[in-house]
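Engineer: Here's my sequence, what's the structure:
(one chain, ligands or ions: 2)
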Amino acid sequence: MLANLEYSAEVARDTAALYERVKTVIPDIEWPLHAPYVAAINALKKQRNAVVLAHNYQTPEIFHCVADICGDSLALAKRAVETDAEIIVLAGVHFMAETAKLLNPDKIVLIPDERAGCSLAESITATDVRQLRQQHPGVPVVTYVNTSAEVKAESDICCTSGNAVDIVESLGVEKVIFIPDEYLAAYIAQQTEVEIISWQGRCEVHERFTADELEQYRQNYDQLTIIAHPECPPDVLRVADFVGSTAQMQNYVQTERPIRVLMVTECSMSDNVAADIHDVEFIRPCNLCPHMKRITLANIYEALETLEPRVEIEASVAKRARIAVERMLSAGS
Ligand code: 13P
Ligand code: SF4
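Structural biologist: Ligands and ions are numbered 1, 2, ... in the order given. Prediction:
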């Protein structure tokens, strides 16, 4: 049955503590639009024995107000294995929901909008991987998790931006095929002696940042710390003071407490970190990920209500893809 989604005095009272958490990043005029969904989702999660896993690029009303588990792709994969809930709602993009399903084949995994894709995942097919293997016989394939289950099924091991160098080195070989992000591949190649054969996939969000724009920010803001995601182009990474996964970027700000920081990544990242940290100034040039932004409180609520859309992966694909993901997890990084 549909909940009453009015902003009543009861909803205001029940969600007051959550609003306190996000009030520096969500204007009070917007809260009455979010609060009824926040209250309804949190109630429905309990009834359904469900959890919401949210990526760092989700908007603050999702990230801070309805998510049970938050993090980068690596954290979401690791924590997906640990949950006792019967239902997982993945507030993120499709490949993240597939990873959660691979690791929880007997659970219901919901993705609130099936169109939430990823330009990296779109850039390569299983046939491409088989051809790469033919061109480079015997060379293992390390696959960034930003790929479809079909591509993972053709791979030896997966990695995320948080563990890519360790995973490449864990294989103890001289050469690997690293797919599909050419910029992440170039970044790894600088950190290791292992020869990297790459593919020409790119993140449509991070490839838009330029070194010139960052240099301009440095001139305009004193004592500016620039931290960037490794999906950015190499000249952008050269300008950055720190490079890391979204969780590593968040951790950097939490521990280093820069005076002023520019997070070269998706827009919601700064909002989510800024909601918790009030002594750092966030400079916010950012690019929106249109795929991440397909997930809303309204469609999370609807997914929990209808238990659709579900993520399903063909059994023979899932079996092989799971091995590549589990190898990553047991490599320990
Ligand atoms: P992280 O694993 O660093 O969170 O990155 C995922 C992603 O899609 C970045 O664009
Ligand atoms: Fe894919 Fe880039 Fe969006 Fe991340 S930010 S989900 S890599 S398109």
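
Engineer: so how far is M269 from E204?
Structural biologist: Distance from E204 to M269, counting by C-beta to C-beta, to the nearest Å: 16 Å. For the C-beta atoms, the positions are set from N, CA and C on the backbone; glycine is no exception.

Engineer: How about V81?
Structural biologist: Using C-beta to C-beta, V81 is found at 24 Å from M269.

Engineer: Count residues in the vicinity of V243, would you?
Structural biologist: Per other C-beta atoms under 10 Å, the neighbour tally for V243 reads 22.

Engineer: and it, backbone torsions?
Structural biologist: phi -130, psi 130 (degrees, to the nearest 10).

Engineer: Then V142?
Structural biologist: Torsion angles, degrees, to the nearest 10, at V142: phi -100, psi 120.

Engineer: picking up where we left off before, compare V81 and M269 (neighbour count), which wins?
Structural biologist: Taking other C-beta under 10 Å, V81 and M269 do not tie; M269 has more neighbours (26 against 12).

Engineer: thinking that one is in contact with G244, fair?
Structural biologist: No: counting by C-beta atoms under 8 Å, M269 does not reach G244; the two are 11.7 Å apart.

Engineer: how far is stretch 98-113 from where the chain is centred?
Structural biologist: 15 Å (C-alpha atoms, centre = their mean, to the nearest Å).

Engineer: Check the average confidence over the strand or helix carrying T143, would you?
Structural biologist: T143 belongs to strand 141-144 when elements are defined using DSSP states H and E. In this model, strand 141-144 has a mean pLDDT of 98.

Engineer: Can you pull out the residues in contact with that strand?
Structural biologist: 120, 129, 132-133, 151-152, 154-161, 164, 167-168, 171, 176-181, 184, 324 (C-beta atoms under 8 Å, 6 or more residues apart in numbering).

Engineer: Can you point out the buried residues in it?
Structural biologist: 141-144 (16 or more other C-beta atoms under 10 Å).

Engineer: Just name the closest of these to ligand 2, please.
Structural biologist: Of all those, Y144 has the smallest distance to ligand 2: 8.8 Å, by C-beta to the nearest ligand atom.

Engineer: what's the helix or strand for the residue lying closest to P105 once chain neighbours are set aside?
Structural biologist: Counting by C-beta to C-beta, 6 or more residues apart in numbering, the nearest residue to P105 once its immediate chain neighbours are dropped is A318, at 6.6 Å. For A318, the element it lies in under DSSP H and E is helix 315-330.

Engineer: Could you do E204 as well?
Structural biologist: Judged by DSSP H and E, E204 forms part of no helix or strand.

Engineer: Touching, it and A121? I think so.
Structural biologist: No: using C-beta under 8 Å, E204 is not in contact with A121; the gap is 11.2 Å.

Engineer: The strand holding T143: partners in the sheet, and parallel or antiparallel?
Structural biologist: Strand 141-144 has the following sheet partners, assigned by DSSP bridges: strand 157-159 (parallel), strand 175-179 (parallel).

Engineer: So which of the ones you listed is the most surrounded?
Structural biologist: Highest mean neighbour count among the strands paired with strand 141-144 (mean count of other C-beta atoms under 10 Å): strand 157-159, with a mean of 27.

Engineer: quick one: that one near ligand 2?
Structural biologist: No: if you take C-beta under 6 Å from any ligand atom as the test, strand 157-159 misses ligand 2, and the best it gets is 13.8 Å.

Engineer: can you list contacts of that strand?
Structural biologist: 140-145, 152, 167-168, 170-171, 324-325, 327-328, 331.

Engineer: any idea how far that strand is from the chain center?
Structural biologist: 15 Å.

Engineer: For S161, the count of nearby residues, please.
Structural biologist: S161: 26 neighbours (other C-beta under 10 Å).

Engineer: Could I get the contacting residues of it?
Structural biologist: 72-74, 144, 184, 229-231, 244-246.

Engineer: all helices for the stretch 201-333 of the chain, in order.
Structural biologist: Shown for the stretch 201-333 of the chain, the helices assigned by DSSP state H, counting those that start in this stretch span residues 211-220, 234-239, 246-256, 267-276, 297-306, 315-330.

Engineer: I'd like these laid out as JSON lines, including distance to ligand 2.
Structural biologist: Compiled in JSON lines, the helices of the stretch 201-333 of the chain are given as follows (distance: least, C-beta to the nearest ligand atom, whole Å):
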{"stretch": "helix 211-220", "distance to ligand 2": "18"}
{"stretch": "helix 234-239", "distance to ligand 2": "14"}
{"stretch": "helix 246-256", "distance to ligand 2": "9"}
{"stretch": "helix 267-276", "distance to ligand 2": "10"}
{"stretch": "helix 297-306", "distance to ligand 2": "17"}
{"stretch": "helix 315-330", "distance to ligand 2": "17"}
